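J.: I would like to see how this sequence folds:
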Amino acid sequence: MDRILGTSARRRLRVIAQVLIAVVVLPLAFVVVGGGTAVAHPYDRLREHWVAAPGGVGHIKVRIWLANNGSNKAVYLLDGLRATDDVSGWEHETNAAWLSDHGVNVVEPVGGKASFYADWYAPSNFNNQPYTYKWESFLTQNLPDFLANTYGISRSQNAVVGLSMGGNAALILSAYHRDQFAFAGSLSGYLNLSAPGMREAIRLTLIEAGGFNSDSMWGPPWDPAWLRHDPFVVAPLLRGLPMWISAGSGLPGPHDQPRSAIDVFNTGTGMGLEALALAQNRAFQVRLATLGIQAHFDFPPVGTHSWGYWQDQLWAMLPMMKASIGA
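T.: Residues are numbered from 1 along each chain as shown. Sure, this is the predicted structure:
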């Protein structure tokens, strides 16, 4: 990792910041591959609701694909840094809804740009955010209560899967809410926030993502909240939890077929982002090994920071996910 990021602390910080900032300008390509025949989404089982949420936001949109067999177990799918407000990136860019054809309720919260799906200290004051992000509270209190009361979906023994920013959140939510989540999937997540330069890089990235102030999220870099949300630090709390953790090599593969100059730029950006994610995931693998904690790690020989590879991983983890949650 030192060889990749440079030997001096200044150069290391600059490179990490550049790579992470690049995620806010990466328009990830749409791909539909893996996991079955490309048929119409199961819209007859699609439900959309605005669910009451804390922090002054009022309500958060949630789109749900009900399982085809009446199962009461669900997978919560978390988005990346540039989460949109119309539908989840998982719906925009993948065929994740078809998981509902395999006996799992698919729950996609909408929004949460640059939030890390955390409970923030205060509204972001750089961009005059009118409410405080309270995503952890929403995902572990308001939303499971609503799902249980409305559809009979279990409050416990569910799965949570996220990519990039959401990969970090999936492990953190599982660590602190083991009664709710019996499986966690992290795809290209940044899992060692205490690594040199990472906190400063996240600060710059949140600013670039829309003027969000990380001080409003977890306080200054020395605040204990940064440690609370670092999977590397809280790894002991994950003991016994079935986990699927993946990152590509950063080398282009079958889902990278640039046809224009912007495609070439996006592929290059995705290569850098994934190389950093891989370094973070490898460090996390060593951390779990030193603690004697088991997890499934998948490091394909190719793969950039893009949706096609995350979709492949989602379908690859399905058997392990279903076995873990009893779906």
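J.: so where's the stretch 1-150 of the chain uncertain?
T.: Scanning the stretch 1-150 of the chain for pLDDT under 70 picks out 1-42.
J.: For it, just list every one of the strands.
T.: 46-53, 58-65, 74-78, 105-109 (DSSP state E, counting those that start in this stretch).
J.: what angle do the last one and strand 74-78 make?
T.: This points to strand 105-109. Strand 105-109 runs at 30 degrees relative to strand 74-78, counting by axes from the mean of the first three to the mean of the last three C-alpha atoms, to 10 degrees.
J.: Other residues contacting strand 105-109?
T.: Residues from elsewhere that reach strand 105-109 (C-beta atoms under 8 Å, 6 or more residues apart in numbering): 60-67, 71-79, 87-88, 90-91, 96-97, 99-100, 138-139, 143, 147, 151, 153. Where you see a C-beta, it was placed from the backbone N, CA and C, and this is true even at glycine.
J.: Partner strands of that strand and their direction?
T.: On the basis of DSSP bridges, the sheet neighbours of strand 105-109 come out as strand 58-65 (antiparallel), strand 74-78 (parallel).
J.: Low-confidence bits of the stretch 201-327 of the chain, can you list those?
T.: 253, 255, 258, 263-270.
J.: Against Ala327, how distant is Leu318?
T.: Per C-beta to C-beta, to the nearest Å, Leu318 is found 9 Å from Ala327.
J.: intersection of neighbour lists for these two?
T.: Joint contacts of Leu318 and Ala327 (C-beta under 8 Å, 6+ apart) are Val104.
J.: okay, the two: which has more neighbours?
T.: Ala327 (24 against 20; other C-beta atoms under 10 Å).
J.: contacting residues for the more buried one?
T.: By C-beta under 8 Å, 6+ apart, the residues touching Ala327 are Ala67, Ser71, Lys73, Gly103, Val104, Met321.
J.: cool, Gly89 as well?
T.: Applying C-beta under 8 Å, 6+ apart, the residues near Gly89 are Leu28, Asp79, Gly80, Arg82, Ala83, Leu163, Trp307.
J.: Equivalent analysis for Lys73, please.
T.: If you count contacts by C-beta under 8 Å, 6+ apart, Lys73 has them with Ala67, Gly103, Val104, Asn105, Ile153, Ser154, Gln157, Asn158, Ala159, Ile325, Gly326, Ala327.
J.: Kindly recompute the last result at 10 Å.
T.: Lys73 makes contacts with 67, 103-105, 153-154, 156-159, 182-183, 321-322, 324-327, as judged by C-beta atoms under 10 Å, 6 or more residues apart in numbering.
J.: one step back: among the contacts of Ala327, the buried ones, what's the PyMOL command?
T.: With 16 or more other C-beta atoms under 10 Å as the criterion, this PyMOL line picks the buried residues out of the contacts of Ala327:
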select buried, resi 67+71+73+104+321
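J.: quick one on the thing from earlier: which member of the contacts of Gly89 is positioned nearest Asn192?
T.: Among the contacts of Gly89, Leu163 lies closest to Asn192 (C-beta to C-beta), at 16.7 Å.
J.: which of the strands of the stretch 1-150 of the chain sits most buried?
T.: Highest mean neighbour count among the strands of the stretch 1-150 of the chain (mean count of other C-beta atoms under 10 Å): strand 74-78, with a mean of 28.
J.: and the residue minimising distance to the centre of the chain, what helix or strand is that in?
T.: Nearest to the mean C-alpha position of the chain, by C-alpha atoms, centre = their mean, lies Gly166 at 1.7 Å. According to DSSP states H and E, Gly166 maps onto helix 165-176.
J.: For this protein, which segments count as helices?
T.: With DSSP state H as the criterion, the chain has helices at 2-5, 9-22, 89-93, 135-137, 143-151, 165-176, 198-208, 214-218, 224-228, 231-234, 261-291, 307-316, 318-325.
J.: export these to CSV and tack on distance to Val51?
T.: Converted to CSV, the helices of the chain look like this (distance: least, C-beta to C-beta, whole Å):
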stretch, distance to Val51
helix 2-5, 41
helix 9-22, 30
helix 89-93, 17
helix 135-137, 12
helix 143-151, 5
helix 165-176, 17
helix 198-208, 25
helix 214-218, 22
helix 224-228, 25
helix 231-234, 27
helix 261-291, 31
helix 307-316, 23
helix 318-325, 21
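J.: Of the ones you listed, which is nearest Arg45?
T.: helix 143-151 (10.5 Å).
J.: Packing partners of the closest one?
T.: In terms of contacts (3 or more C-beta pairs under 10 Å, 6 or more residues apart in numbering; DSSP states H and E), helix 143-151 is packed against strand 46-53, strand 58-65, strand 74-78, strand 105-109.
J.: Quick one: these as TSV, columns for distance to Trp226 too.
T.: As requested, the helices and strands packed on helix 143-151 are exported to TSV (distance: least, C-beta to C-beta, whole Å):
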stretch	distance to Trp226
strand 46-53	24
strand 58-65	25
strand 74-78	19
strand 105-109	23
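J.: picking that back up, hey, which of the helices of the chain is tucked in deepest?
T.: Ranked by mean neighbour count, these are led by helix 165-176 with a mean of 27 (mean count of other C-beta under 10 Å).
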